[in-house]
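Novice: Structure here, sequence nowhere to be found:
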């Protein structure tokens, strides 16, 4: 947290704009942290799509990530390199088979660089952000919160 | 997981060597996933040092990461970009004030690009890997396990 400061901290509106660009980037990945019912942390990087203000991932329904999210409803996500991060605390809005929602399937495969449709056992998990934070270096820790309680801060 | 395959999968010995290089890289960061006692996932990127076959991080003792690790003893770590990852399941070996172990302090500040020594309330968390996995693309999912039960596989 106490790293060298290289540039002036960005204003909130700039960070929010940068975050939306990052979430909409083709073939962008997300680190998905979940916890099992007995408290074991899990973490894996997967592709994401940003659809209708939701993070959408496609995973095997029997994966630890899907199991943990279906059980707890919660995840914490990291997008971007470690020194230009967006962190999102999300709740599971719904889970749907990859061939059961044409809008999601089209949007996901348009942004990600693979297409899960037709793969047996894969589901889309639709994740609604409740809190979003973004920072680059130590001088951006202050002011890092961009969304609180599901609402973008102005 | 079903992304385009770009290169042949690396042999285990190559992945292990690549992993050790990555863990020893100056100023390398690590994504640290932990879980609270009530099952809330937490995730944050921090600097790491690779010291005596352990991952060492420096965090505030009252941070969620330290609190979760001190309570549960477990974390799952991600190092590297999302398409050249090393994943480590680790246990907390010990926690020590940043000014209370000269060997750790010297080694940490030599690899990281900041020096926590002298900062009140910061601790080194020494994390012992139990399982290490590494992969780049879908064709490296098979053979991804490099360490199991704390032992490097040959």
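Specialist: Perfect, I can see it now. Note that the coordinates shown come from a computational prediction; the quantities given were computed from them, not determined experimentally.
Novice: May I have the secondary structure class of residue A:91?
Specialist: Following DSSP: H, G, I helix; E, B strand; the rest coil, the label given to residue A:91 is strand.
Novice: One more: residue A:31?
Specialist: strand.
Novice: what's around it, how many residues?
Specialist: Burial of residue A:31 is recorded as 25 neighbouring residues (other C-beta atoms under 10 Å in any protein chain shown). In short, each C-beta sits where N, CA and C put it, glycine included.
Novice: Who are the contact partners of it?
Specialist: Residue A:31 sits next to A:43, A:44, A:45, A:77, A:78, A:79, B:31, B:33, B:43, B:78, B:82 when contact means C-beta atoms under 8 Å, 6 or more residues apart in numbering or on different chains.
Novice: most surrounded residue in those residues?
Specialist: residue B:33 (29 neighbours).
Novice: Which entry within the contacts of residue A:31 corresponds to the minimum pLDDT?
Specialist: The lowest pLDDT within those belongs to residue B:82, with 88.
Novice: Let me know the secondary structure of it.
Specialist: coil.
Novice: Please tell me how far it sits from residue B:107.
Specialist: 28 Å (C-beta to C-beta, to the nearest Å).
Novice: what does residue A:128 give?
Specialist: 42 Å.
Novice: Check whether the helix or strand where residue A:42 lies comes near chain B.
Specialist: Element membership for residue A:42 (DSSP states H and E) is strand A:41-47. Yes - Strand A:41-47 reaches chain B (C-beta under 8 Å from any C-beta of the partner chain) through A:41, A:42, A:43, A:44, A:45, A:46, A:47.
Novice: Tell me how far the closest residue in space to the last one that isn't next to it in sequence lies from residue B:141.
Specialist: Using C-beta to C-beta, 6 or more residues apart in numbering or on different chains and skipping residues adjacent in sequence, the residue nearest residue A:47 is residue A:112, 4.0 Å away. From residue A:112 over to residue B:141 the distance is 17 Å, taken as C-beta to C-beta.
Novice: These two: who's more crowded?
Specialist: Per other C-beta under 10 Å, whichever of residue A:112 and residue B:141 has more neighbours is residue A:112, with 22 against 12.
Novice: which residues sit in contact with that one?
Specialist: A:26, A:27, A:47, A:48, A:49, A:58 are the contacts of residue A:112 under C-beta under 8 Å, 6+ apart.
Novice: Buried only: go through these for me.
Specialist: A:47, A:48, A:49, A:58 (16 or more other C-beta atoms under 10 Å in any protein chain shown).
Novice: beta partners of the third one?
Specialist: When you say that, I think you mean residue A:49. Beta-bridge partners for residue A:49, by DSSP bridges, are residue A:56.
Novice: could you measure it against chain B, distance?
Specialist: Per C-beta to the nearest C-beta, to the nearest Å, residue A:49 is found 14 Å from chain B.
Novice: what helices or strands is the lengthiest helix in chain A leaning on?
Specialist: The single longest helix within chain A, with elements called by DSSP state H, is helix A:12-23. Using 3 or more C-beta pairs under 8 Å, 6 or more residues apart in numbering or on different chains; DSSP states H and E as the contact test, the elements touching helix A:12-23 are strand A:85-97, strand A:122-135, strand A:145-148.
Novice: Going by neighbour count, which residues of the longest one are buried?
Specialist: Applying a neighbour-count criterion of 16+ other C-beta under 10 Å, one finds A:122, A:123, A:124, A:125, A:126, A:127, A:129, A:131, A:132, A:133, A:134, A:135 buried in strand A:122-135.
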